[in-house]
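J.: coordinates only, sequence not included:
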RNA sequence: GGUCGGUUAACCGAGUGGCUAGGUAGCGGUCUGCAAAACCGUUUACGGCGGUUCGAAUCCGCCACCGACCUCCA
């Protein structure tokens, strides 16, 4: 198996040629959502980014195991005001239901939204609460090797000890000494030897609803631990790619590296990939900031920030039009531009079926195809890929226009090009499927167009315009061509 | 304050030491009874100031502005 794929590795801060550990197998782990409310636009970014990676690797012939977790232990939320409360539990209290009901509800909507965005299901979607045993075992290993210690029923990871042998902070470019010197004193952390130590097991307070028995206390696992435990379980001690949002780099992924490395005695992840954030008015879109737009709202238009509804494929196209490591700023203008561009692409692909091949060709599709692969190989450069595909759109339209020609094999190559890159790899799909009885609609439209043509032949513009206007009112667009009219819904 | 990243035309967004993506919008043209679509052409660019270079928006330095992250609590 061969590939020219380069990926930007956050660890080295460079693009590196992707070499899988055990070809043809590839293991990917991506941090999924914490399910305590509806998925928003920000959640679509990593889902689509890593869906693209998943699809492309499969296209290259790899057997990919794509693991994306669901965090269903809520983890504390405290900010400044007093006692922290688990986010899922907080929601459960507000809605007077079991924490697991909260989880179920939002897992369901997350899955539905991800389906709408046409992302493929991960190979495995493990949940933190389903892997308490694995996490406890991992904690035992850490304690045994001296990298974690118990304190008052909780267990903490010993950063200082780890830093003696390994380098804490290498992913996010942080230096432990500097971190410590910057630390403010926070109350209630006397259980820890060092302020940067993080919990791998936390003793539950009496009112805490989500709790499991362990050798140390009735409690719950620390947030960072689940990803280490589950990636080891499903992908092995060493695996190829770990992905997630840039906001998770520190401390989450840094802690994950520390835990896994301490427990295994070696680096677990070969390539770290981080997608950038979606911003709104220049600021990160996040649940905690309250400036988010949920995917359901985007699809329905039901949010004051939205001029109109945007289809799932418009959102997907919008996200793919930017490189995954750049921020994308949300705006109605940008979404509407994406919508039009996407429709233009779909229309061109649709009209491929109308092309009649000539005996010779004036266009070179193989070169275009090569460029498309180059774009993807360059750290999944989907915006450049799209620009090449729009060159393909221009070619298609020019052929229909008569200014370019293609032979039968060129036409086949064009069809294959769009099929491969637009549908298979970018994961876009045509949403404008005709509703109802397709064949009947086809025939009815033919009758209407014939009638209108008869009126036009009589220069009865009043009738022909009326037909066109009335059709337009019910969403059918007529387009007059040299050789008769075309229509679309 | 620390670390990292960004600043590209009306908007969104690529990219490279010289050959100046792409989408959307605008303008002009072709086509057309008109319209729409499509095609062709086209207008505002690379935050500021210096430096390196035959040549920089692309490399270096300084400045300005913006953003992300800065512990158990995404």
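T.: Received it, and whenever you're ready, just let me know what you need. Note that the structure is a prediction, hence the values are computed from the model and not measured.
J.: pLDDT score for the residue nearest to residue A:424 when sequence neighbours are not counted?
T.: Excluding its sequence neighbours, the residue lying closest to residue A:424 (C-beta to C-beta, 6 or more residues apart in numbering) is residue A:59, at 6.2 Å. C-beta here means a position set from N, CA and C on the backbone, and glycine is covered the same way. Model confidence at residue A:59, given as pLDDT, is 96.
J.: count of neighbours near residue A:59?
T.: Using other C-beta atoms under 10 Å, residue A:59 has 14 neighbouring residues.
J.: Thought residue A:426 was touching it, still the case?
T.: No. Counting by C-beta atoms under 8 Å, residue A:59 sits too far from residue A:426 to count as a contact (10.7 Å).
J.: Show me which helix or strand of chain A is least confident by mean pLDDT.
T.: Within chain A, no helix or strand scores below strand A:76-77, which has a mean of 56 by mean pLDDT, DSSP states H and E.
J.: Surely residue A:66 forms part of a helix?
T.: No. Residue A:66: not assigned to a helix; according to DSSP: H, G, I helix; E, B strand; the rest coil it is strand.
J.: beta partners for it?
T.: residue A:28 (DSSP bridges).
J.: What does the pLDDT read for it?
T.: Taking residue A:66 on its own, its pLDDT is 96.
J.: Tell me who's in contact with it.
T.: Residues in contact with residue A:66 (C-beta atoms under 8 Å, 6 or more residues apart in numbering) are A:28, A:30, A:50, A:54, A:120, A:122, A:123, A:124.
J.: mind checking how far the second one is from RNA strand B?
T.: When C-beta to the nearest atom of the strand, to the nearest Å is the yardstick, residue A:30 and RNA strand B sit 12 Å from each other.
J.: Would you map out the domains in chain A?
T.: Domain ranges of chain A: A:6-275, A:279-425, A:438-488, per automatic domain parsing.
J.: So which of those is the most surrounded?
T.: domain A:6-275 (a mean of 19; mean count of other C-beta atoms under 10 Å).
J.: Which helix or which strand is home to residue A:254?
T.: Residue A:254 belongs to helix A:254-264 when elements are defined using DSSP states H and E.
J.: Show the subsequent helix or strand relative to that helix.
T.: Helix A:254-264 is succeeded, C-terminally, by strand A:269-275 (DSSP H and E).
J.: Residue A:117 contacts residue A:310, doesn't it?
T.: No. The criterion here is C-beta under 8 Å, and residue A:117 misses it with residue A:310 at 11.6 Å.
J.: which sections of chain A are below the confidence cut-off?
T.: A:1, A:75-85, A:181-190, A:433-437, A:482-483 (pLDDT under 70).
J.: In JSON lines, list the domains of chain A along with distance to residue A:431.
T.: Below are these laid out as JSON lines (distance: least, C-beta to C-beta, whole Å):
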{"stretch": "domain A:6-275", "distance to residue A:431": "10"}
{"stretch": "domain A:279-425", "distance to residue A:431": "5"}
{"stretch": "domain A:438-488", "distance to residue A:431": "13"}
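J.: ok, and what's touching stretch A:35-43?
T.: A:33, A:70-72, A:74, A:87-88, A:90-91, A:102-103, A:106-107, A:109-110, A:113-114, A:245, A:277-278, A:284-287, A:292-296, A:298, A:315, A:330.
J.: now, which of those residues lie close to RNA strand B?
T.: On the criterion C-beta under 7 Å from any atom of the strand, A:33, A:71, A:74, A:87, A:245, A:277, A:284, A:286, A:287 are the entries of the contacts of stretch A:35-43 that sit beside RNA strand B.
J.: list the contacts for the fifth one?
T.: So that's residue A:245. A:31, A:42, A:45, A:46, A:274, A:275, A:277.
J.: In terms of helices and strands, where is the fourth one?
T.: Spelled out, it's residue A:46. helix A:41-59.
J.: Likewise for residue A:411?
T.: helix A:408-418.
J.: Quick one: residues contacting the closest residue to RNA strand B within the stretch 301-450 of chain A.
T.: Nearest to RNA strand B, among the residues of the stretch 301-450 of chain A, is residue A:341, at 2.2 Å (C-beta to the nearest atom of the strand). Applying C-beta under 8 Å, 6+ apart, we find residue A:341 in contact with A:317, A:321, A:390.
J.: could you redo the last one with a cut-off of 7 Å?
T.: Neighbour list for residue A:341: residue A:317 [criterion: C-beta atoms under 7 Å, 6 or more residues apart in numbering].
J.: And residue A:372, by the same measure?
T.: So residue A:372 contacts A:385, A:388, A:421 (C-beta under 7 Å, 6+ apart).
J.: how about the last one, secondary structure?
T.: Using three-state DSSP, the secondary structure recorded for residue A:421 is helix.
J.: how far away is the closest residue to it other than its chain neighbours from residue A:170?
T.: Spatial nearest neighbour of residue A:421, excluding adjacent residues (C-beta to C-beta, 6+ apart): residue A:372 at 5.3 Å. Using C-beta to C-beta, to the nearest Å, residue A:372 is found at 35 Å from residue A:170.
J.: rewinding a little: elements contacting the helix holding residue A:254?
T.: Under the contact definition 3 or more C-beta pairs under 7 Å, 6 or more residues apart in numbering; DSSP states H and E, helix A:254-264 sits against helix A:132-144, helix A:225-235.
J.: Indicate whether the last one makes contact with RNA strand B.
T.: No. If you take C-beta under 7 Å from any atom of the strand as the test, helix A:225-235 misses RNA strand B, and the best it gets is 9.8 Å.
J.: Tell me how far that helix lies from the chain's centre.
T.: Distance of helix A:225-235 from its chain centroid, counting by C-alpha atoms, centre = their mean, to the nearest Å, is 20 Å.
J.: tell me the angle that helix makes with helix A:254-264.
T.: For helix A:225-235 against helix A:254-264, the angle by axes from the mean of the first three to the mean of the last three C-alpha atoms, to 10 degrees is 50 degrees.
J.: And helix A:225-235, what does it pack against?
T.: By 3+ C-beta pairs under 7 Å, 6+ apart, helix A:225-235 packs against strand A:25-30, strand A:63-68, helix A:132-144, helix A:254-264.
J.: Which strands or helices does the longest one pack on?
T.: In other words, helix A:132-144. Counting by 3+ C-beta pairs under 7 Å, 6+ apart, helix A:132-144 packs on strand A:148-151, strand A:154-157, strand A:199-203, helix A:225-235, helix A:254-264.
J.: JSON lines please, covering these and showing distance to residue A:480.
T.: Compiled in JSON lines, the helices and strands packed on helix A:132-144 are given as follows (distance: least, C-beta to C-beta, whole Å):
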{"stretch": "strand A:148-151", "distance to residue A:480": "74"}
{"stretch": "strand A:154-157", "distance to residue A:480": "71"}
{"stretch": "strand A:199-203", "distance to residue A:480": "69"}
{"stretch": "helix A:225-235", "distance to residue A:480": "57"}
{"stretch": "helix A:254-264", "distance to residue A:480": "61"}
